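> here is the input, now give the coordinates:
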Amino acid sequence: MEEKMPRIEELRSKAHDLYWQIEDWMSDFDIPEERVNDALSFSAQLDDELARLAKDAEIRKREEARPGSSIQIDGGSISRATRS
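Numbers count the residues shown, from 1 in each chain. As a prediction, this is how the structure comes out:
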């Protein structure tokens, strides 16, 4: 899981850059505001989802480091099981 964290952060950085690139394009080209808003919304949703993935990965990493426990993350729902 640890090896995926830098990749998630890299993707978040790219999503953030995309948001600002769209802002620049809006002023540089004659793009309808509605389309720009849709693109900005998509970029923000992408960043939010990547942030959730990073948080889930961090939780999983901490839980896996705890002796005698495991964690199950399913669609945002987190449950913990204790190994015997």
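> now residue 22: closest residue in space, sequence neighbours ignored.
residue 39 (4.8 Å; Cβ to Cβ, 6 or more residues apart in numbering). For glycine as for every other residue, the C-beta is placed from the backbone atoms N, C-alpha and C.
> tell me how many other residues crowd the one you found.
18 (other Cβ atoms under 10 Å).
> and it, helix, strand or coil?
For residue 39, the assignment made with DSSP: H, G, I helix; E, B strand; the rest coil gives helix.
> where does this protein have low pLDDT?
Confidence mapping of the chain against pLDDT under 70 gives the ranges 1-5, 68-84.
> where along it do the strands fall?
With DSSP state E as the criterion, the chain has strands at 69-74, 77-82.
> and the residue nearest the centre of the chain?
The chain has residue 50 as the residue nearest its centroid, 0.6 Å off, counting by Cα atoms, centre = their mean.
> ok, it touching residue 7?
No. Using Cβ atoms under 8 Å, residue 50 is not in contact with residue 7, being 9.9 Å away.
> quick one: the helices in the chain, in order.
4-28, 33-65 (DSSP state H).
> flag every buried residue along the last one.
Spelled out, that is helix 33-65. Buried residues in helix 33-65, counted by 16 or more other Cβ atoms under 10 Å: 36, 39-40, 43, 46-47, 50, 53-54, 56-57, 60, 63.
> now these in a markdown table, with distance to residue 21?
As requested, the buried residues of helix 33-65 are exported to a markdown table (distance: Cβ to Cβ, whole Å):
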| residue | distance to residue 21 |
| --- | --- |
| 36 | 11 |
| 39 | 10 |
| 40 | 10 |
| 43 | 9 |
| 46 | 13 |
| 47 | 13 |
| 50 | 17 |
| 53 | 22 |
| 54 | 22 |
| 56 | 27 |
| 57 | 26 |
| 60 | 32 |
| 63 | 37 |
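> which among these gets closest to residue 16?
For those, the residue nearest residue 16 by Cβ to Cβ is residue 47; the value is 6.1 Å.
> which residue is the nearest non-sequential neighbour of that closest one?
residue 15 (4.3 Å).
> my guess is that neighbour contacts residue 51. True?
No. If you go by Cβ under 8 Å, residue 15 and residue 51 don't touch, sitting 9.4 Å apart.
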